[in-house]
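[1] Okay, sequence plus prediction incoming.
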Amino acid sequence: MYPIIRREQFSDVTFLWDLLAPDVAKAAEPGHFVMIRLYEGGERIPLTVADFDRDRGVVTVVVQALGKTTREMRDAYDAGDTIADFVGPLGLPQHIAKVGHVLLIGGGLGVAPVFPQLRAFRAAGNRVTAIVGFRNKNLVFWEDKFREFADSVHVCTDDGSYGEQGNVTVALERILKEDPPDLVVAIGPLPMMHACVEKSRPYGVRTLVSLNTIMIDGTGMCGSCRVTVDGKVKFACVDGPDFDGRAVDFQELHARQKRFKDQEQRANEEFDHVCNLERQLVHEGKRNYKQLAKVSPHQTPMPERDPHIRAQNFEEVNLGYTLEEALAEAERCIQCVKPTCVSGCPVSIDIPTFIRHLLLRDIDKARETINEASIFPSVCGRVCPQETQCEAQCIVGNFRKHEPVAIGRIERFIGDHARARSMKPPPNAGALGAVAIVGSGPAGLAAAADLARAGAKVTVYEALHVLGGVLQYGIPSFRLPRPIIDREIQMLKDLGVRFETNKVIGKTFSIGQLRDQMGFDAVFIGAGAGAPSFLGIPGEFAGQVYSANEFLTRVNLMGGSRFPYQDTPVSVGRNVVVIGAGNTAMDCLRVARRLGSATVRCVYRRSEEEAPARIEEIRHAREEGIEFLFLHSPTEILLDESDNVRAMRVQRMALGEPDERGRRKPVPLDQFFDLECDTVIYALGTQPNPIIGQATKGLALNKYGNIAADPETQATNLRGVFAGGDIVTGGATVILAMGAGRRAAKAVEQWLRSDKKVWPVGTTRDPEYAEGGSPSDAPAHDHATCPKCHQPLEGDEPYICCARQELEWRCEWCDKVSEGFAFPYGLCPNCGGVLQPLHRESTEHHATFEVIRIAFEIELGGLAFYQRALARTDQPVLKELFGRFAEMERQHLHTLAHRYHVAVPETSSSASLDLAALKLGFQGNVDSPEALFQAAIEFEKRAVVHFERLAAESSDEPVLNLLFRELRAEEEGHVNLLQTAFQQWMAGESVLF
């Protein structure tokens, strides 16, 4: 890297850099040029040496910001910054000799490279005259330097604002007549040099020009800089750049210089676009900078390998975005004022900021932003279920029929292409204390990263011989290439994290030994939950029946796909059946296909809509020839006389009535048939591995056998012991495990900084959580997702899924049809007329959706009412009051949206406050503070009546009934608050909130 040690701005477009390049400075001569490249992926551009200082090792270049790269040099680089490449000196130096009178002409930027030649000719004993030309006075630079060495200096400006009016050829012609030179040297724009040659030709004066033409390498390799001189092909980079202008074919040169005109225009437009984005998003801090209606409704597709080819190998299926595709997708992000996507990320990555950096073409800064929360963007960008997390919360995805921004794909691109910031132990490494991490899976790695950065001395113990846990043994390489895992873990090693493999905690060492004998101040257990589940049906003892764990471990970890060239075998026959439809099941199906099985089937007792696997994974499996039997349940594995698998008996299922969560239970039918197969793989989830629980005396477990840990701090009941990930929650996702690891790291740091005085740290259940106590009655994490829309569910909270349902209305006044979920007051957003719902025959659970629609309408009406009232009043008390009530209505809307899995509709900004008040039963205009107060009270009373009616009508729907009773109570509280505030306000008393 080459540092810029000084920068000087001459004008809006012209500036100087002094760069530290001792080798170049030592060899530079007048007439030489250099090639520079700003960064990886940047173009190589030639710049003539404007000056050099051999003692200081400094080379000076003067640049005019015309194209994309030179404008970027002007706008993005300052003293202290570095550039990637600075190559030179290149070309032939000017032949300096004593010839008599030398006239040197510099036009615009050409003034800079003329200067060292002028100084050298003067030192050789010549009389030197200088002509420097600029478009106007504001662009003039280095006049004083020229006057220091030249016998006479003539300054010309095109507009006559300084010196002589006219371009340099006017002064040249006068000097040719009055004081003929023996040699002319002209450097500047190509038309200027051509004009100087033609002016001097009749006088027979040798005129040298410097041809800084288009080139790529600058060493004679590419031939891009070829020029015709005296009828022969010459290369400016090795034969020049100085030539006798009288012999140069300028017509040909002019044509060649236009080769990339269109591309340069595109580059400039792109640079202008980025500059405009930087102005809006950074300098002005603008958010919601783009209208949703102008955002492309569809995600930029991810390139994939051909299904027929990829089904025969373990190469990665998703190929990742190119830069162009990543930028196109980033352009779909509107940079929300209140970005909900961040709350959908279990590790709270600042998603809008890293996308903003990508929009500004700063990929490295984008990665730095991600690394603040996660050092594994390449892993998470590949395997996290973004569609049910951050992308499920994306505001763009909640707009009409738009798809959310492909956050995961962008994250993967940044992780793969940004230059990872070099990691090294922090200055306070080890000062925080010593922490043992059990397990090198996602939870353990995330905890290790945060603790190492906080100054802890971290040691990770891994039971297997490789690092990564489930990332290594559970996820096939066609989804997560192994070099990606190794690269991310290396960053932890660079941070100072120590790894020990082949150490089984609970066997090799106990938790007690780690705490008491081995000197660790805290222990985090992130050991995963690897024990497989089986159905208990006849025949599953057969040798050809695998658990998903065994099957995937043999292939992913032990290289079974390369047997006998590697030692671990894996046996799959011609016909394979996988039981289950989660992501692990999809991995098993696709691995079996790659191992050569002719027929691979998925058997799942529920419908495809309820399959827990990512939609993309099911699609990939189908493309690769996997067959799916949804609504089929295994009842028996049939064996031949040698106890080998020959078939599996399945029972057809049908969907029954929805349960309390809206999930339709599979009901068995009296229909059975046999599926021919010779291999069966169980992919039904995992149970907690019992080793640590059995070996750790006093460690509290919940009723499922998982370690009981506080959901906020991940603290267990044992002093200094924390736990997180699948060992606590049961089988979940990589990113949820990482979230638990980060929460634990934060709590460990807090505990160690408090000198380990208070235990438990920050827990919400102190009395029952003392050491030796048993918080087994504490609710375990529940990271289930809705089987219909895959949005995350919280605990046992009831819900009804209304995702993907569309309702329509027609306005009684203007006949305009509107769609969505609700509009304020049931008023047309176009004209304010009354909307009548249009019922679709295909709308499932129509009665349920209708009452939910009414609930949305009431809450939207309240929000719009308070927003409009807030804008109308100038009373500080009312502004605060209505602002608070508007926020309450927003919270109600988010409760509805969360409970029923729909987007929060936008309020109408065009609805009339007076018309709304009239529709809500308030007589009179709301044009005074008293009227606004009374209208708000009447509105809340009407909302109480509405929710009371809805609660009565939904008595047979417990989920709805509970919500409407909650909302009725809330609105009744609002009425009381408003009435009390109104009485205080009318009495002239202070209104207490």
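    Received the coordinates, thanks.
[2] Could you check how far residue 93 is from residue 33?
    The span separating residue 93 from residue 33 equals 10 Å under the rule CB to CB, to the nearest Å. (Glycine included, C-beta is placed from N, CA and C.)
[3] now residue 424
    From residue 424 over to residue 33 the distance is 38 Å, taken as CB to CB.
[4] neighbour-wise, which of residue 93 and residue 33 wins?
    Under the criterion of other CB atoms under 10 Å, the comparison of residue 93 against residue 33 puts residue 33 first, with 24 against 17.
[5] nearest residue to that one other than its sequence neighbours?
    With CB to CB, 6 or more residues apart in numbering as the measure, residue 48 is the residue that lies nearest to residue 33, at 4.6 Å, once sequence neighbours are left out.
[6] ok, now residue 353?
    residue 369 (4.9 Å).
[7] Have a look at the chain and report the helix or strand with the lowest mean pLDDT.
    Of all regular secondary-structure elements in the chain, judged by mean pLDDT, DSSP states H and E, the least confident is helix 913-919 with a mean of 54.
[8] returning to what we had before: could you check the pLDDT of the residue nearest to residue 33?
    According to the predicted model, the pLDDT of residue 48 comes to 88.
[9] tell me the pLDDT at the residue located most distally from the centre of the chain?
    Distance to the chain centre peaks in the chain at residue 178, reaching 68.0 Å (criterion: CA atoms, centre = their mean). We have a pLDDT of 90 for residue 178.
[10] Contacts only, for it.
    The neighbours of residue 178, taking CB atoms under 8 Å, 6 or more residues apart in numbering as the test, come to nothing; the list is empty.
[11] Could you tell me how far it is located from residue 894?
    In this structure, residue 178 and residue 894 are separated by 84 Å, where distance is defined by CB to CB.
[12] try residue 938
    Residue 938 sits 25 Å away from residue 894, taking CB to CB as the criterion.
[13] Then residue 636?
    In terms of CB to CB, residue 636 sits 48 Å off from residue 894.
[14] cool, and residue 398?
    Distance check for residue 398 against residue 894: by CB to CB, it reads 12 Å.
[15] Where does the prediction get shaky in the stretch 801-950 of the chain?
    Scanning the stretch 801-950 of the chain for pLDDT under 70 picks out the ranges 802-809, 818-827, 829-832, 838-851, 902-927.
[16] need the strands for it, in chain order.
    Counting by DSSP state E, counting those that start in this stretch, residue ranges of the strands within the stretch 801-950 of the chain are 807-811, 817-820, 835-838.
[17] What segments of the stretch 301-450 of the chain are helices?
    Defined through DSSP state H, counting those that start in this stretch, the helices belonging to the stretch 301-450 of the chain, from first to last, are 307-310, 323-330, 351-359, 363-371, 377-383, 407-417, 442-454.
[18] Any chance of CSV for those, columns distance to residue 878?
    Rendered in CSV, the data for those read as follows (distance: least, CB to CB, whole Å):
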stretch, distance to residue 878
helix 307-310, 63
helix 323-330, 42
helix 351-359, 33
helix 363-371, 41
helix 377-383, 47
helix 407-417, 40
helix 442-454, 46
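[19] most neighbours per residue, which of the ones you listed?
    Greatest average neighbour count among the helices of the stretch 301-450 of the chain goes to helix 442-454 (a mean of 29), per mean count of other CB atoms under 10 Å.
[20] Run through who's touching the helix or strand just after that one.
    From helix 442-454 onward toward the C-terminus, using DSSP states H and E, the following helix or strand is strand 456-461. Surrounding strand 456-461, the residues in contact under the criterion CB under 8 Å, 6+ apart are 429-430, 432-440, 444-445, 448, 451-452, 467, 492, 496-500, 503, 505, 508-509, 520, 748-749, 752.
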